[in-house]
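**Student:** Return a 3D structure for these sequence lines:
(4 chains)
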2 protein chains.
Amino acid sequence: MRVADLETRATREDHEALRLWLRLLATTHLIEGRVRRGLQERYATTLPRFDLMAQLDRAPEGLKMGELSRRMMVTGGNVTGITDGLEADGLVERSADVSDRRALRVRLTPAGRRAFRTMATEHERWIVDMFGALDQNQMTVLFDLLGRLKQHLRLEKEGQA
Amino acid sequence: MRVADLETRATREDHEALRLWLRLLATTHLIEGRVRRGLQERYATTLPRFDLMAQLDRAPEGLKMGELSRRMMVTGGNVTGITDGLEADGLVERSADVSDRRALRVRLTPAGRRAFRTMATEHERWIVDMFGALDQNQMTVLFDLLGRLKQHLRLEKEGQA
DNA sequence: CCTATATAGTTGACACTTAAAATATTTAGG
DNA sequence: CCTAAATATTTTAAGTGTCAACTATATAGG
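**Tutor:** Numbering: from 1, shown residues only, chains lettered A, B, ... in the order given. Below is the predicted model of the structure:
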């Protein structure tokens, strides 16, 4: 290994699963950091803000806070804060849900949609470049293996509940 | 897909690389969250504290703050804060570096080492369980593909610098 | 030697994140 | 109908994370 990073802590004696986990984590951190810096430098925004807008871009009719929270895989309190910031900047708007007075519906404003679409184009280019190390077949294999892993994690959780 | 999560935002039209990235991110978040909750529930500690101690467990002679920062893949300021907390709890200690008066060497205290070893055993069990979805061969393939991806990211970065 | 630059670490400002408590509303049972 | 439990959201406290500014020390060239 050329560079000391999260994986450095793994040694020959460790279980293969542990080494795999550290590499998975290091790789994800590397990509995430690259995207975060790109968004900061090019658009003075953050990854969580971009993620929230990405979810809303897929849902023209808007999403309830709870649905946003589930899809972003973060807690509700977190979504409240990020939404507050985006709302203050006029990029998203909250509106009362018609069928449930406890709920709020969040959606992109026209300005928010424009801003997101611009960023998303460049964001996708970064991702394609970073995954350029893998050919079509390798990407498919990786996608399937991660799918298997993820499915297993979901099932384990259901077992508990 | 059965559950709405980070991947939900990906659609048929998206570039394969983007869908792969979202799955990589979702899977990593899932595992990370599981480990974080385990450490919190069983040992009332956090993942960053565990990670820092894990790095030190591999380096009996201790590590300089900067080396810790590189290996943990986080900024120096962050390491200062986590180290402060662990030091306050008597789990690590700072000592002056003999050859460089700017530098500090951090190492586990005996109590820190005992605490880490206990947690590490259980932590490894969690990881092995979570990766139980994959057989030996699949783990090797996943490990190699991530290695290829990671190597490519490192090279791109060197190119810039 | 002496100054310019680089490096090691800390600090402060700000954003993100979780968990738990609090509020408001809905739903389910009796 | 009425109350208990569940759900949707916000708030708060504490920890994590970045970046940029700062202090202290080291190193390189003249």
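
**Student:** how many degrees apart are the lengthiest helix in chain A and helix B:16-43 in direction?
**Tutor:** Secondary structure assigned by DSSP state H gives helix A:16-43 as the longest helix of chain A. Put simply, helix A:16-43 runs at 120 degrees to helix B:16-43, going by axes from the mean of the first three to the mean of the last three CA atoms, to 10 degrees.

**Student:** list the helices and strands the helix or strand bottoming out on mean pLDDT in chain A packs on?
**Tutor:** Counting by mean pLDDT, DSSP states H and E, chain A has its least confident helix or strand at helix A:136-160, which shows a mean of 88. Here helix A:136-160 touches helix B:16-43, helix B:110-130, helix B:136-160, going by 3 or more CB pairs under 8 Å, 6 or more residues apart in numbering or on different chains; DSSP states H and E. Backbone N, C-alpha and C define where each C-beta goes, glycine included.

**Student:** same thing but 10 Å
**Tutor:** helix A:16-43, helix B:16-43, helix B:110-130, helix B:136-160 (3 or more CB pairs under 10 Å, 6 or more residues apart in numbering or on different chains; DSSP states H and E).

**Student:** Redo those as a markdown table? Include mean neighbour count and distance to DNA strand D.
**Tutor:** Converted to a markdown table, those look like this (neighbours: other CB atoms under 10 Å in any protein chain shown; distance: least, CB to the nearest atom of the strand, whole Å):
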| stretch | mean neighbour count | distance to DNA strand D |
| --- | --- | --- |
| helix A:16-43 | 18 | 5 |
| helix B:16-43 | 18 | 9 |
| helix B:110-130 | 16 | 13 |
| helix B:136-160 | 15 | 13 |
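
**Student:** Format those as TSV; extra columns: distance to B:Arg101.
**Tutor:** As requested, those are exported to TSV (distance: least, CB to CB, whole Å):
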stretch	distance to B:Arg101
helix A:16-43	31
helix B:16-43	36
helix B:110-130	25
helix B:136-160	31
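
**Student:** about what we covered before: which helices and strands sit right next to the longest helix of chain A?
**Tutor:** Helix A:16-43 packs on helix A:47-57, helix A:110-130, helix A:136-160, helix B:16-43, helix B:47-57, helix B:110-130, helix B:136-160, going by 3+ CB pairs under 10 Å, 6+ apart.

**Student:** Just the pLDDT at the nearest residue to A:Gly33 once chain neighbours are set aside, thanks.
**Tutor:** Nearest non-adjacent residue to A:Gly33, counting by CB to CB, 6 or more residues apart in numbering or on different chains: B:Met73, 7.7 Å away. pLDDT recorded at B:Met73 is 97.

**Student:** ok, now the one 5 residues further on?
**Tutor:** You'll see B:Asn78 listed with a pLDDT of 98.

**Student:** ok, it - contacts?
**Tutor:** Listed by CB atoms under 10 Å, 6 or more residues apart in numbering or on different chains, the contact set of B:Asn78 reads B:48, B:52, B:68-69, B:72.

**Student:** what sits up against stretch A:60-70?
**Tutor:** Contacts of stretch A:60-70 (CB under 10 Å, 6+ apart): A:51-52, A:55-56, A:59, A:71-72, A:74-80, A:82-83, A:92-95, A:97, A:100, A:102-108, A:113, B:3-5, B:8.

**Student:** so does that stretch get close to DNA strand D?
**Tutor:** Yes - using CB under 7 Å from any atom of the strand, we find that stretch A:60-70 touches DNA strand D at A:64-67, A:69.

**Student:** next one: stretch A:77-92
**Tutor:** Yes - contact of stretch A:77-92 with DNA strand D (CB under 7 Å from any atom of the strand) involves A:77, A:79-81, A:83-84.

**Student:** Could I get the contacting residues of the nearest residue to A:Met72 once chain neighbours are set aside?
**Tutor:** In space, and not counting its chain neighbours, A:Met72 is closest to A:Asp51: 5.8 Å by CB to CB, 6+ apart. A:Asp51 sits next to A:35, A:68, A:71-74, A:82, B:6, B:9, B:22, B:25 when contact means CB under 10 Å, 6+ apart.

**Student:** burial of the closest residue to A:His29 other than its chain neighbours, as a residue count?
**Tutor:** Spatial nearest neighbour of A:His29, chain neighbours left out: B:Met73 (5.3 Å); criterion: CB to CB, 6+ apart. Residues lying near B:Met73 (other CB atoms under 10 Å in any protein chain shown) number 19.

**Student:** does B:Met73 really touch A:Ile31, like I thought?
**Tutor:** No - B:Met73 is beyond contact range of A:Ile31, at 11.8 Å (criterion: CB atoms under 10 Å).

**Student:** What residues does chain A have near DNA strand C?
**Tutor:** Residues of chain A lying near DNA strand C (CB under 7 Å from any atom of the strand): A:46-49, A:73-78, A:81-82, A:85, A:100-102.
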